[in-house]
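Novice: Need a 3D model of the following:
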Amino acid sequence: MKELSLNILDIAQNSISANADLIYITVHENISENYLKIIISDNGKGMSKEFLKTVTDPFSTTRKTRKVGMGISLLKLVTEQTDGAFSIQSEIGVGTVVTAEFTLNHIDRPPLGDIEQTISTLISCNEHIDFVFTRKVNKNEFVLDTREIKKILNGVSLSEPDIIIWIQEYIKENENNLLEE
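Specialist: Presented below is the predicted three-dimensional model:
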């Protein structure tokens, strides 16, 4: 995938397929320590130890529509190609945590991409799921939590066009503030 935000979208879709109702997405960029870390965790159904051992194999999938699952294996590959580290932990009935750490200035590291679009798409298309998106740059961070947004909106749909635009602008504005500090 050309952008890491697309990897995030794909892994979050796995969480949705695993019946998660709470998904945490963290993107942490540390310039002085030269890393970009992405963590996606959920409270979905989790994976057995046996399946967990094979989950990074592209021919290992739970899908019935096709016999290939490329998302996790592609993310693992790109982390390894950029001298990074990849891990996945899962427990049945508890959930899954996927962590990908990249060497920030590695020439082959894909750009983060359109994270505003990725997060707003996940939120607007999955209103029954709560998302907590945390973006950190060095020691500064901001958090977008749909549970808080839903309280404030008091029943207004997160898929309303004005709400989607607000979410995208909120993420972009905070992203820009983090990068300027």
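Novice: Spatially central residue for this protein, please.
Specialist: Taking C-alpha atoms, centre = their mean, the centroid of the chain lies closest to residue 8, which sits 3.7 Å from it.
Novice: That one contacts residue 118, doesn't it?
Specialist: Yes: look at residue 8 against residue 118 with C-beta atoms under 8 Å: they come within range, at 5.7 Å. C-beta: built from backbone N, CA, C; applies to glycine.
Novice: Now do stretch 88-101: distance from first to last residue.
Specialist: End-to-end distance for stretch 88-101: 12 Å, by C-alpha to C-alpha, to the nearest Å.
Novice: Could you do stretch 39-47 as well?
Specialist: 17 Å.
Novice: in the chain, which helix or strand is least confident?
Specialist: Lowest on mean pLDDT, DSSP states H and E among the helices and strands of the chain sits helix 49-54, with a mean of 85.
Novice: which of the residues in stretch 8-23 are buried?
Specialist: 8, 9, 10, 11, 12, 14, 15, 16, 18, 20, 22, 23 (16 or more other C-beta atoms under 10 Å).
Novice: average model confidence for the host helix or strand of the first one?
Specialist: Translated: residue 8. Assigned by DSSP states H and E, residue 8 belongs to helix 4-17. Averaging pLDDT along helix 4-17 gives 94.
Novice: Return the distance of it from the chain's centre.
Specialist: Chain-centre distance of helix 4-17: 6 Å, with C-alpha atoms, centre = their mean, to the nearest Å.
Novice: Need the outlier residue of this protein, farthest from its centre.
Specialist: residue 154 (26.1 Å).
Novice: Distance of that residue relative to residue 119?
Specialist: According to C-beta to C-beta, to the nearest Å, residue 154 and residue 119 sit 22 Å apart.
Novice: do residue 26 as well
Specialist: 12 Å.
Novice: Now do the shared contacts for those two.
Specialist: Common neighbours of residue 26 and residue 119 (criterion: C-beta atoms under 8 Å, 6 or more residues apart in numbering): residue 133.
Novice: So which of these two has more stuff around it?
Specialist: Shown here are residue 26 and residue 119; by other C-beta atoms under 10 Å, residue 119 has more neighbours (25 against 17).
Novice: for this structure, longest helix please?
Specialist: Taking DSSP state H as the criterion, the chain has its longest helix at helix 161-180.
Novice: hmm, who's touching that helix?
Specialist: 115-117, 119-120, 123-124, 133, 135-137, 140-142, 144, 149, 153, 156-158.
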